[in-house]
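Participant: Just a sequence and a predicted model for now, questions to come.
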Amino acid sequence: MTESRFAEVLTIIADDARPARLAPDTWRRGVRRRRTRMAAGVLAAVAVVAAVPLVLGGHGGQSPTPADSPRPVVPSTVYPPVTGEDTVLESPPGPAAILVAGDRELRGSDIWGFEGRSLLVGRSGGYRLARSVGEMSAGTADGLLLSPDGRYLAGGLSMEGVDYPPEGDPQTGVLDLTTGTVRQYGGGDPMAWSPDGRFILVRGSSGNTDHSLYSMHLLEVATGRKQPLPRAEGEFLPGNVAAFSPDGKRLAVATTTALQVFDLAGNTRTEITGLTDRDRLAGPGAWLPDGRRIAMYSITGCVDGTGCDEAALRQREFRVRYLDAGTGQPADGPRLDPARGLAVRMLGWQREGSAVVAVHSPERGARLDPDDAPWLETDYWTVGGVELSAFGPDGGRRRLVDLPGGAGFVDVPAGLLDQFGGPAPNRVEGAARRALAWLWPVGQVLELLAVLAVATLVLRIRHVRRRARRRAAGTAPLR
């Protein structure tokens, strides 16, 4: 066949061929398919991020440890919670090893919720959130308090699980961390646990202002029975207000002007010394193990509001001194190094003589002015950080727990002060928690984007189906 004849044959075949017919919306359908695949990819990525809490939550890599075990229990490192972490009511973790309160990454990647969140780590390693109406501290008289054995968590009216009474009176709620049940008692706010965990010191509601003492009583947790205490009036500082003696028979209470010791068996009160604005009861662990001496802090630096900016508050020096619990006279004691910071709280003593101390630093931009009467050095909005350390009896200090950067408060059951250095989440889980904490504001944005992506996808599918029905009703199908 010649070349010209071949070309002629191809021309005849082309003339007889039926031209290809494409639907007019072929391009648009291709674009929609590509967008759908992209949306599915975004949703898959968000699903992976959302699944992280299910993998990490409630898993710490160690088995439960009894309270009297010599093996370390309190974790050496506490990582931030993740989005969707279970709460103590949803999934009780069992007895607690440590409680941490604060801001930023400690909110569990939540930037929209109004409620406060504190992180509780169980002895089994499980991470749980203790929620409250508004932000709360931990370990202070106006915050959440762990019982000496770590089984119970006490809080006021703001703690989740405590019902608001019709009359609105202050309440004490006690959450059993093994069952998730809450017992509620009227008549005041919790201030401190007794060493045996049987009683809670409660500040009565009648006649009290936000930070003043008027009436106090001992609440027996098992029965709800109340033992009124002699009246002790005066303003107080929530982080350094009350301490039970080791045998639970006496109670030291500090107002801003006096240190008082209560004999609980005889129900008597004795003012053993006056106090100034530079004096502090050392904290809930102020009594020395012998039960005869009480540790106090004396502050050097800014206390009266003159030039008390953040830098000055950070450099305040707290030097320990000791008083005879019977006479109020100076006494000898361990030579602890001074602590520097906004506020200092002594949680208790270890067997070898070291004091377990929480040292708080101020929030960025914190300031104390001379006329700022409501200002509190352990207020949630004043504290910006905390370190938990052991101060040795002959000087020196060592950090006991690595806490998240957003931590402002910490509480440890009194029965576990000799059991630091326990297991923490493995490196993979710890790295994942820290990575998510670094992106803590992004967590909720991703969830919002996921919702928008799903909504957009649903609207697009509905739009495509409507157009398809219209075409089917108005045009013949292609052959």
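Facilitator: Nice, I can see it.
Participant: So in terms of bridging, what pairs with the residue nearest the centre of the chain?
Facilitator: In the chain, the residue lying closest to the centroid (C-alpha atoms, centre = their mean) is residue 118, at 2.2 Å. On the basis of DSSP bridges, residue 118 is bridged to residue 101, residue 130.
Participant: correct me, but it touches residue 135?
Facilitator: No. The criterion here is C-beta atoms under 8 Å, and residue 118 misses it with residue 135 at 9.0 Å. For the C-beta atoms, the positions are set from N, CA and C on the backbone; glycine is no exception.
Participant: where do the contact lists of these two overlap?
Facilitator: Jointly contacting residue 118 and residue 135 under the rule C-beta atoms under 8 Å, 6 or more residues apart in numbering are residue 101.
Participant: sorry, back to before: roughly how far does the residue nearest to the centre of the chain sit from residue 221?
Facilitator: 21 Å (C-beta to C-beta, to the nearest Å).
Participant: re the thing from before, so what pLDDT did the residue nearest to the centre of the chain get?
Facilitator: We note a pLDDT of 91 for residue 118 in this prediction.
Participant: Tell me who's in contact with it.
Facilitator: Contacts for residue 118 were tallied using C-beta under 8 Å, 6+ apart; they are 99, 100, 101, 106, 129, 130, 131, 132, 136, 138, 144, 409.
Participant: try 7 Å
Facilitator: Going by C-beta atoms under 7 Å, 6 or more residues apart in numbering, residue 118 touches 99, 100, 101, 130, 136, 138, 144.
Participant: any idea which of those is least confident?
Facilitator: Among the contacts of residue 118, residue 136 has the weakest pLDDT, 83.
Participant: any low-confidence regions in the chain?
Facilitator: Across the chain, the ranges flagged by pLDDT under 70 are 1-7, 9-10, 12-70, 107-115, 205-210, 305, 372-374, 436-447, 474-479.
Participant: In it, where's the longest helix?
Facilitator: For the chain, the helix with the greatest residue count under DSSP state H is helix 440-474.
Participant: now that one: how far from the chain's centre is it?
Facilitator: Computed by C-alpha atoms, centre = their mean, to the nearest Å, the separation of helix 440-474 from the middle of its chain amounts to 37 Å.
Participant: other SSEs contacting that helix?
Facilitator: helix 26-56 (3 or more C-beta pairs under 7 Å, 6 or more residues apart in numbering; DSSP states H and E).
Participant: Nearest residue to residue 324 in space, please, no chain neighbours.
Facilitator: residue 331 (4.7 Å; C-beta to C-beta, 6 or more residues apart in numbering).
Participant: partners of that neighbour in the sheet?
Facilitator: Under the criterion used here (DSSP bridges), residue 331 is bridged to residue 322.
Participant: so how far is residue 149 from it?
Facilitator: Taking C-beta to C-beta, one finds residue 331 at 30 Å from residue 149.
Participant: First-to-last residue distance for stretch 211-226?
Facilitator: Distance across stretch 211-226, first residue to last, is 21 Å (C-alpha to C-alpha, to the nearest Å).
Participant: And it, what's buried?
Facilitator: 211, 213, 214, 215, 216, 217, 218, 219, 221, 226 (16 or more other C-beta atoms under 10 Å).
Participant: Distance from it to the middle of the chain?
Facilitator: 25 Å.
Participant: Same question for stretch 240-247.
Facilitator: On C-alpha atoms, centre = their mean, the centre of stretch 240-247 falls 24 Å from that of its chain.
Participant: end-to-end on it?
Facilitator: 20 Å.
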